[in-house]
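In: Quick one, structure for this:
(chains A and B)
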Amino acid sequence: MWWGGRGQSFNIAPQKEEPEMGSVQGRAMPEPRSRQLGSCLASGCLTGEQILAWAPGVRKGLEPELSGTLICSNLRVTFQPYGWQRSQETPLSSEYDFSLANIGRLEAVNGLSRVQLLRPGSLLKFVPEEILIHGRDFRLLRVGFEAGGLEPQAFQVTMAIVQARAQSGQIQKYAGLTLSKAGQSPGSRKPPIPLLEISEDWETERKKQRARGWRVSTVNERFDIATSLPRYFWVPNRTLDSEVRRAFGHFHQGRGPRLTWHHPGGSDLLRCGGFYTASDPNKEDIRAVETMLQAGHSDVVLVDTMDELPSLADVQLAHLRLRALCLPDSSVAEDKWLSALEGTRWLDYVRSCLRKASDISVLVTSRVRSVVLQERGDRDFNGLLSSLVQLLSSPEARTLLGFQSLVQREWVAAGHPFLTRLGGTGASEEAPVFLLFLDCVWQLLQQFPAEFEFSEFFLLALHDSVRVPDTLTFLTDTPWERGKQSGQFNTYTQVYTAAYSQPPAGNSINPQLSVWDWDLRYSNEQILQFHNPGYNPEHCPDSWLPRQQPSFMVPGPPTSVWLFCRGTLTPLNQLCPWRDGPSLLTVSSRWLPRLAISSESLADQEWGLPSHWGACPLPSGLLLPGYLGPQIRLWRRCYLRGRPDIQVGLSAPTIAGLQNELSHLQELLRKWTPRIPPEDHSKKRDPNTILNPTEIAGSLMGWGESGLG
Amino acid sequence: MLGKGVVGGGGGTKAPKPSFVSYVRPEEIHTNEKEVTEKEVTLRLLPGEQLLCEASTVLKCVQEDSCQRGIYGRLVCTDFKISFLGDDESTLDNDETQFKNKVVGENDITLHCVDQIYGVFDEKKKTLFGQLKKYPETLIIHCKDLRVFHFCLRYTKEEEVKRIVSGIIHHTQAPKLLKRLFLFSYAAAAQNDAAPDPKNHAVMFDTLQDWCWELERTKGNMKYKAVSVNEGYKVCERLPAYFVVPTPLPEEDVPRFQGHGIPIWCWSCHNGCALLKMSALPKEQDDGILQVQKNFLDGIYKTIHRPPYENVKTEDLSSNFLSLQEIQTAYSKFKQLFLIDNSTEFWDTDIKWFSLLESSSWLDIIRRCLKKAVEIIECLEAQNMNILLLEENASDLCCLVSSLVQVMMDPHCRTRFGFQSLVQKEWIMGGHCFLDRCNHLRQSDKEEVPVFLLFLECVWQLVQQHPPAFEFTETYLTVLSDSLYIPIFSTFFFNSPHQKDTNVHQRQLSLPLTQSKSSPKRGFFREETDHLIKNLLGKRISKLINSSEELQDNFREFYDSWHSKPRSYHGLLLPHIEGPEVRVWAQRYLRWIPEAQILGGGRVATMSKLLEMLEEVQSLQEKIEERHHSQEARQAEPTSLLRNSARLSSLFPFALLQRHSSKPVLPTSGWKALEDEEDLAKREDEFVDLGDV
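Out: Here you go, the predicted model:
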């Protein structure tokens, strides 16, 4: 990282003393047992991976205690329990692997002395009895070393970790990862979800949303409008590509207004960057901008995204504080825990996001209008809010498949700078906005346990994947870089097609793996747990009746233009800031207290009644989250994983247990009634089909009924 | 949709299925048949209930700043409750009546449930008490179950305002005599009903037999014996008629100090170690008497502490542990967080929620109780020691700690029957002064301490952390906490079994009630810690009490090792007591706050799923059973509680009853008009499944 160049300042055993790292077999190991081990270790290596050092040890803290080997390679640190074989199917392990970039803190313990390594100038002067690797993803690996002649190894492995960590300043992607699934040749492999790198994906998604007034624009196909924008996006039907080009130039970094989601009730949710105030657009340009913002609606609401939300620096600081608080040895007394938690402000930021998202979903639902999320960069909180709004308003987004598509569209394709925000570039703009988003989703999951198809375990998996450099999903800042690195295009003169839709003849391009290829890191059993057993199929997408879409084009200028800020709608004279006077949006309104009137939630204002007044007034499918102090909770299973005293909860297993019981009974019943076709129930669920929502709904729902005959 | 309707029309004729099960099942509640037929919402009176005063055109406000929105109706005060009868009330559909409290309706406040009454004078809120010179425009009632009512009296006739306000204030705040409790009028009027046998719900511990059974159940009968020395309360009115003492203890010792200084058995652990309690000897200045006390205690002590076979450790709950005053202060701060007058106030405090919560230190008190219980369990379980709990009257923290220990150690106490028996044994027979601690007679605010609630809070933490270990749910605990203030159950309305027996007995014999001898002032504001006990037992204790550091280590080790093992719900159950694990009992405290409602969410969403699957499993099991026995197909109809409820909210089952109907419903009208074209749109759009691309 930023001090990576100063690796010499460590008191590290000189390189030459460690003979030929990488060829473990050649090393003289003290015991015969280790020699066998050596070959065993090497078997799980990735291409280009070299084992730097290893030592036998015992994993502590988690039950059961496991004895095994701590291995440090140039890519990762792994604790490999005895008898555990890395399966060829899953080259990475979510449980035992620690990517180097994920190591947040390293502590060596001997007796009473405890040294923090990884800090410039820290020295390891003793042979460690135990080392603690604190992951930046809140995981903790605690390994105790065996005494009895192996101390040098313990020392070596510790120093190797320090060194490897220091040298991995630039995050390297694990090279040569392939899914060795039988029968899937690289060319024909279909990604688990549409990656939105080809225009067909966008077209399909558009149709799915029934956004009939919109079309897929190919104007950015060669990334010449903006490298941070996806190659394709949705613009109004009637807007020509030339107009798009013209309009986008007047937005910050060329990120003009694009559709993110079409509400079945007719509203459109758009997102765009800030107006480029220094530019001097002519009349036609202004008209183009306005048409695109208006999107054919007579009612337009501009949402100042950053209003009442934390800044990037705030988020980063809060996350750091949270991490410090959740360390196992955090010195906060039990009775001061709550105020310390409050002091991190993390939950407060979660609350702000939920509150704002809830308000925006009301805006989108209550009237047919165009709602435009406007953030200066359009790459952070716009994505967060638009995803949350969709989660709140669309049951489709709450399915496993839908949620993954949502993240792919609103974060990955929309150009959220993952690498920078997660600290991969070492730049100062680190801020885990995506993790903040995951926390928000977890809150929703807590509040609406029956509305989401995915489980907390899935969210955790996504949370942890962020720091595993296995796929390009989280390793780049822009769609352009991602495309470039995955070798999708070699020159800029072609019109590109993604590898999987039209495999270039005779070219063995490695198909791009994405984070959604879960079987890289998770076993089938684990993937089965991505499912929320409490998901209530009554709320499955089919039962959601979309409402009619009004005629698209409204002639003339919008009749009402609003700015949504501090919880209230303020009328605006014009959409664009250029015509006369400075932009309203340049006035920063953040952190101003809300007006007293806005203590009533937006739902009250929009509907004339509070959302809590009975179930009827709420449109089906819309969730309004609670965001009161007592309702925003700490994601303990994520943040407190390092603390051995925190155990997992129990209600989900109860449901899962019942489900097992159910299927067992079904099985029994089936045996006795041959008239039911056997494949109905005997089919074991394959994790690959699990991502199919209809099947899941069927399997959840159908068990009882079909069994009863 | 919200519509007009008459409440009571549906529920009046047929008895609703029992849904809330209270500690003691209420006798059937009868409605006056003739009132049901009336058009307006009628006042439903319990047997023996009398109307005292009423006022019409009272506006019940929704909790907002302005009183603009609300429901007009009559406000009445009876000798049992304050009740608001709205002119316009929504019909409760079947699901809702099913979950309705049978005794206390949505707009009913029992007089004992009233916590504070405020009046609004010219936008200023003042506490109301005593004689009023001026009558308020708005009456705000804070309830002990944390509901808040706003009644606007602006449109009410002046004399009615005077009558109702002073009536309410008098009947809720003036000190009362025990015999004036509604309990007695109700009991007299409802006498004819065959009371259900309480034995079905709990062991009552009012016979020698019950105690013997309990001894047998816990295998404590080798070392302990049930005694009837206090039969007819000859020895002391504080103790129950029957109780259990160590076998070697001479029975004639019991009356020496009216039962003080006697180790009384609570429970025996599987390894034979027992939990005992003892009330401290009265404080004396006289050296002679002190010497007598010391000799007496030494003798007692010798009978129970006989190393190496019987080791006893004394746990003095009067010092080094919570004081009642701490509990009182913490709870009164804590409950203020949830007694919300208007939403603005709520949002203001919301941002500081965690620090406010922490500063009330209520959660910390819960943690300390749980921790104390774990410490005691460690001694019983790991060190094989008897534990002697010591407290001034052995009726507050003793009850709390000993019952908590039993809930954690004895799986029987985690069933509903067992839990109710436990409450009966430790709290009712243990002589917890419910009358004083709940301040039912309004005689002393200082005595009002929510000790029993604190116990329920601790149990809630356990239920929350280990739901499968308990037969009951948090809703049971919430309803139980509410029933403290419903004076038709006699359970929580006496200071001791003696008081209950004498009063109920006299009542039945129609003898003139004598002035109750209840509640000799037991001040808990002790000037100094009980050095007396220390002096007397000091020498012995010092030998037994480990250094606190060592104690901490033992505790930590025991606690950690239990939590690191795979658990069984049928044995010892320990709580997590770390900072993030002790939580707010959201159901109890947030249930009346509309802003806290999560539509379609909350735990009930999982619960309904769970029930559904449970039903399916059951019906399948039946099906399989049938196939085994006969080919005859009999369709089992699963009864569903929740299936029909379209969208439950997180406040279930309490929020269902809190539906307001004064505001118009207007939002989706725009879409409705367009709904016809919807089908058209559906047909036009081709739906491409992404999975098939």
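In: Just give the nearest non-adjacent residue to A:Asp241, would you?
Out: A:Val219 (4.5 Å; C-beta to C-beta, 6 or more residues apart in numbering or on different chains). Every residue, glycine included, has its C-beta placed from N, CA and C.
In: B:Ile117 too?
Out: B:Ile117 sits nearest to B:Leu128 (C-beta to C-beta, 6+ apart), 4.7 Å away.
In: Quick check: the one you found vs B:Gly119, distance?
Out: Distance of B:Leu128 to B:Gly119, computed by C-beta to C-beta, to the nearest Å: 5 Å.
In: picking up where we left off before, backbone dihedrals for the residue nearest to B:Ile117, both of them.
Out: The phi and psi values for B:Leu128, taken as degrees, to the nearest 10, are phi -110, psi 130.
In: Before we move on, what's the pLDDT of it?
Out: Per-residue pLDDT puts B:Leu128 at 88.
In: OK, contacts around it?
Out: Counting by C-beta atoms under 8 Å, 6 or more residues apart in numbering or on different chains, B:Leu128 makes contact with B:117-119, B:136, B:139, B:165, B:169.
In: can you list these in TSV and add neighbour count and distance to A:Lys283?
Out: Compiled in TSV, these are given as follows (neighbours: other C-beta atoms under 10 Å in any protein chain shown; distance: C-beta to C-beta, whole Å):
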residue	neighbour count	distance to A:Lys283
B:Ile117	20	67
B:Tyr118	19	62
B:Gly119	20	64
B:Pro136	23	63
B:Leu139	25	64
B:Val165	24	69
B:Ile169	20	72
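In: which parts of the stretch 301-450 of chain A sit against chain B?
Out: Within reach of chain B by C-beta under 8 Å from any C-beta of the partner chain, the stretch 301-450 of chain A has these residues: A:332-339, A:341-342, A:347-348, A:366-368, A:401, A:405, A:447-450.
In: Tell me which of those residues fall in helices.
Out: A:337-339, A:341-342, A:347-348, A:366, A:401, A:405, A:447 (DSSP state H).
In: least trustworthy position among these, going by pLDDT?
Out: Ranked by pLDDT, those bottom out at A:Ser366, which has 81.
In: measure it to A:Thr471 for me?
Out: 40 Å.
In: Same check on B:Cys269?
Out: Separation of B:Cys269 from A:Thr471 (C-beta to C-beta): 56 Å.
In: quick one, what contacts whichever residue of the stretch 301-450 of chain A sits closest to chain B?
Out: The nearest approach of the stretch 301-450 of chain A to chain B comes at A:Trp337, 2.7 Å away (C-beta to the nearest C-beta). Residues in contact with A:Trp337 (C-beta under 8 Å, 6+ apart) are B:358, B:578-580.
In: For B:Leu357, see how far away it is.
Out: 11 Å.
In: ditto for A:Pro577
Out: Taken as C-beta to C-beta, the span from A:Pro577 to B:Leu357 is 44 Å.
In: and these two? which has more neighbours close in?
Out: Neighbours per residue (other C-beta atoms under 10 Å in any protein chain shown) separate A:Pro577 from B:Leu357, with B:Leu357 holding more: 21 against 18.
In: Number of residues surrounding the residue nearest to that one when sequence neighbours are not counted?
Out: Distances taken as C-beta to C-beta, 6+ apart put A:Leu338 closest to B:Leu357, at 5.6 Å, once the chain neighbours are dropped. Using other C-beta under 10 Å, A:Leu338 has 23 neighbouring residues.
In: same question, B:Ser228
Out: 14.
In: Likewise for B:Trp562?
Out: 17.
In: Surely it and B:Gly571 touch.
Out: No - with contact defined as C-beta atoms under 8 Å, B:Trp562 does not count as touching B:Gly571 (10.0 Å).
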